[in-house]
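Student: Pasting a predicted model and its sequence here:
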Amino acid sequence: MLTVAEATPVPRRTAPAVELRGVSKRFRTRPGGPPWRRGPATEKTALHALDLEMRAGGITGIIGVNGSGKSTLIRILATLMVPDTGTARVFGHDVVADADAVRRRINRVSVEAAFFKELSPWENLLYAARLYGTVDDARPRAESVLRRLGLPADAMDRPMKQLSRGQQQKVAIARSFLTTPSLLLMDEPTTGLDPHSKRDVQRLIEVLRDERDVTIVLCTHDLAEAEALCDRIVILEAGAVVADAPPAELCTSGQSLEAVFLRMTGHSIGDDTEERS
Amino acid sequence: MSTAALRHELGAFVGFLERQRNLYRRFWAWEAVWFVYSMVSVMSIGYLATGLAATGIGGGIDLRAIQLYLLAGSMLWSYLSLVFMEVAYAVGWERWEGTIEYTFMAPVKRATHLLGICVFSVIYGLARTAVVVAVSLLVFHVDLSHADLAAAGLVLAAATVPLIGLGILIAILPLLAPEKGEQMSTALQGLFLLVSGVYYPVSVLPLPLQAVGVLSPLTYTLSAIRDALLHRAHAGALLPQIGLLLLMGVLLIPAALWLFSLAERRAKRLGTLKRSG
């Protein structure tokens, strides 16, 4: 296995960053209780035979209400979930058959900053750097990112549990930077952050877009954020793509993205259903 | 595997050891509590033998030898159960913290991940048990004049190999059952306690349980260590048991890794890797 730094960039140049062909996913839920008293299992389709292609570079925004299939899509691309049908490729590598090659090229920032909460940010970041083989200069690189995100210097060695949710999310972003991914999967990275932290994170995503050779898939509920940051917007509704175009094309004749979303899906982005994916 | 790939896996292996060490350092107070619990368990068994002598129930039997027999079983069980629990808990812990998706998404072989956790647990288990043994020897004035400690150590080293295999097998349980997996691992430990002859010779068990005991590496470990401690059996005489333990380990580790990969695939198919969201 090659380290992240040594991974060959050749497929990136020749293949799309993300290529989905007929990708579908269903979840089955069984009611609790003993088998003889259980009712029938219920099924929910998270993704309907999705076809999607994303070119290398730039930011593709995926917007949709909770339960629209955004997180399922991210998990499939992150090799954390196996699609029921179809193929998903990242820089030409199949996420199931060639998961190791995919993992060397990706990282993910999820809505919940998942860390060992008793450990410090540095201990968590060092752990990630060791898994990705990017330990050299890890500390100064991490400090540089966290400084740009406005995290106090003394927070680096305090237990994660003492940091605010916004600060933890900033460390999660630093973790993803530390591993130098070619494809960064960001699943609602600014949800629940205070306005100031949200702006810090959005500014860093802009820096990424402008200065680094990285493809970003950004799932968000924030339509203003999607409009400001994304080169292209995909609207997911009940596991299917209902719109796919650059923001300027979607918002023709001065329509807001919110109005476009309402027209395409029949409801507002705020009308969330319960998260099932 | 190329040299670069091997170096990467070794770096990740160090990462897992380092992560576990940092976690234990943060939870040192709880570890101290668990140490006291181990000590209390072993001492209870030691005093059981002493109590037999005091009540005269033992009759003409060698109560010193009985004490050493029970203490050997108790100390070894303290070590084995500690390793089982730590390995199973490591996976359960990651689920609880939500970091399991990040660990499973990293470009690291699952064998490196699991062996890293197992090796740390073995090192920690040996260190903690060594203190328990030292205190027990002082408290009970155990007669080791008939013991071949080098041979006992050799058996313990050989037993570590199948123990790692069993540890990986037990780590599957929290992956299969997110809520109850850890409790299931405790139940499985109970089965090993029953059939492996921890506190009595396996020959006293009904035949069906003896048949199950034949499959347990702990049965041979306990029998060989008792031979070394009570009857000064030298390493040469214990070679058949040592060879069998190594053979069991050579078979168990790949089998356990394969079963773990099946459980991982199942979790990715059903979408149960995540704890929430």
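Tutor: Received the coordinates, thanks. Residues are numbered from 1 along each chain as shown, chains lettered A, B, ... in the order given.
Student: Show me what from the stretch 51-200 of chain A comes close to chain B.
Tutor: A:71-72, A:75, A:78-82, A:100, A:103-104, A:106-108, A:110-112, A:114-119, A:123, A:126-133, A:135, A:159, A:175 (CB under 8 Å from any CB of the partner chain). To be clear about C-beta, it is placed using only N, CA and C from the backbone, and glycine gets the same treatment.
Student: Just the buried ones out of the residues you listed, please.
Tutor: Buried subset of those (neighbour count, 16 or more other CB atoms under 10 Å in any protein chain shown): A:71-72, A:75, A:78-82, A:103-104, A:106-108, A:110-112, A:114-119, A:123, A:126-133, A:135, A:175.
Student: what's near enough to touch the residue nearest the centre of chain B?
Tutor: For chain B, the residue lying nearest the average C-alpha position, counting by CA atoms, centre = their mean, turns out to be B:Leu80 (2.5 Å). Applying CB atoms under 8 Å, 6 or more residues apart in numbering or on different chains, one finds that B:Leu80 lies in contact with B:125, B:163, B:192, B:218, B:221.
Student: quick one: the helix or strand where the second one lies to chain centroid distance?
Tutor: By that I understand B:Leu163. Using DSSP states H and E, B:Leu163 sits in helix B:149-176. A distance of 5 Å separates the C-alpha centroid of helix B:149-176 from that of its chain, computed with CA atoms, centre = their mean, to the nearest Å.
Student: Now do the contacts for A:Ser24.
Tutor: Per CB under 8 Å, 6+ apart, neighbours of A:Ser24: A:45, A:47-50, A:83-86, A:239.
Student: looking at those, which has the most residues close by?
Tutor: The member of those that has the most neighbours, counting by other CB atoms under 10 Å in any protein chain shown, is A:Leu47 with 28 neighbours.
Student: Quick one: end-to-end length of stretch A:220-239, please.
Tutor: Between the opening and closing residues of stretch A:220-239 there is a gap of 15 Å (CA to CA, to the nearest Å).
Student: Then stretch B:198-212?
Tutor: Chord length of stretch B:198-212, first to last residue, is 14 Å (CA to CA).
Student: contacting residues around it?
Tutor: Stretch B:198-212 is touched from outside by B:45, B:70, B:73-74, B:76-77, B:191, B:194-197, B:213, B:218-219, B:222-223, with contacts defined as CB under 8 Å, 6+ apart.
Student: before we move on, the earlier item: can you list the buried residues in whichever helix or strand comes after the helix holding B:Leu163?
Tutor: As assigned by DSSP H and E, the chain's next helix or strand after helix B:149-176 is helix B:181-195. Judged by neighbour count using 16+ other CB under 10 Å, the buried positions of helix B:181-195 are B:181-182, B:184-185, B:188-189, B:192-193, B:195.
Student: element containing A:Gly150, please.
Tutor: A:Gly150 is located outside every helix and strand, with elements delineated by DSSP H and E.
Student: Pretty sure it sits against A:Val201.
Tutor: No - if you go by CB atoms under 8 Å, A:Gly150 and A:Val201 don't touch, sitting 9.8 Å apart.
Student: Neighbour count for the two, which is higher?
Tutor: More neighbours surround A:Val201 than the other of A:Gly150 and A:Val201, with 23 against 16 (other CB under 10 Å).
Student: isn't there a helix covering the residue nearest to the centre of chain B?
Tutor: Yes - B:Leu80 forms part of a helix when assessed by DSSP: H, G, I helix; E, B strand; the rest coil.
Student: Okay, it and B:Tyr200: tell me how far apart.
Tutor: For B:Leu80, the distance to B:Tyr200 under the criterion CB to CB, to the nearest Å works out to 16 Å.
Student: circling back to that earlier point, would you mind checking the contacts of stretch B:198-212 for buried ones?
Tutor: Among the contacts of stretch B:198-212, those scoring as buried are B:45, B:70, B:73-74, B:76-77, B:195-197, B:213, B:218-219, B:222-223 (criterion: 16+ other CB under 10 Å).
Student: Would you check which pair of those lies furthest apart?
Tutor: Checking the buried ones among the contacts of stretch B:198-212 against each other with CB to CB, the farthest-apart pair comes out as B:Ile45 and B:Gly213, at 19.6 Å.
Student: Quickly note the distance from B:Ser74 to chain A.
Tutor: Here the distance between B:Ser74 and chain A works out to 31 Å (CB to the nearest CB, to the nearest Å).
Student: Could you pull up the residues touching that residue?
Tutor: B:41-42, B:45-46, B:198-199.
Student: Closest one to chain A out of those residues, please.
Tutor: Distance to chain A, by CB to the nearest CB, is smallest for B:Ser41 among these, at 26.5 Å.
Student: re earlier: among the residues of the stretch 51-200 of chain A next to chain B, which are in strands?
Tutor: Counting by DSSP state E, these place A:106-108 in strands.
Student: would you list those residues in JSON lines and tack on distance to B:Gln20 and pLDDT?
Tutor: JSON lines is the format used below for these (distance: CB to CB, whole Å; pLDDT from 0 to 100):
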{"residue": "A:Ile106", "distance to B:Gln20": "25", "pLDDT": "95"}
{"residue": "A:Asn107", "distance to B:Gln20": "23", "pLDDT": "93"}
{"residue": "A:Arg108", "distance to B:Gln20": "23", "pLDDT": "93"}
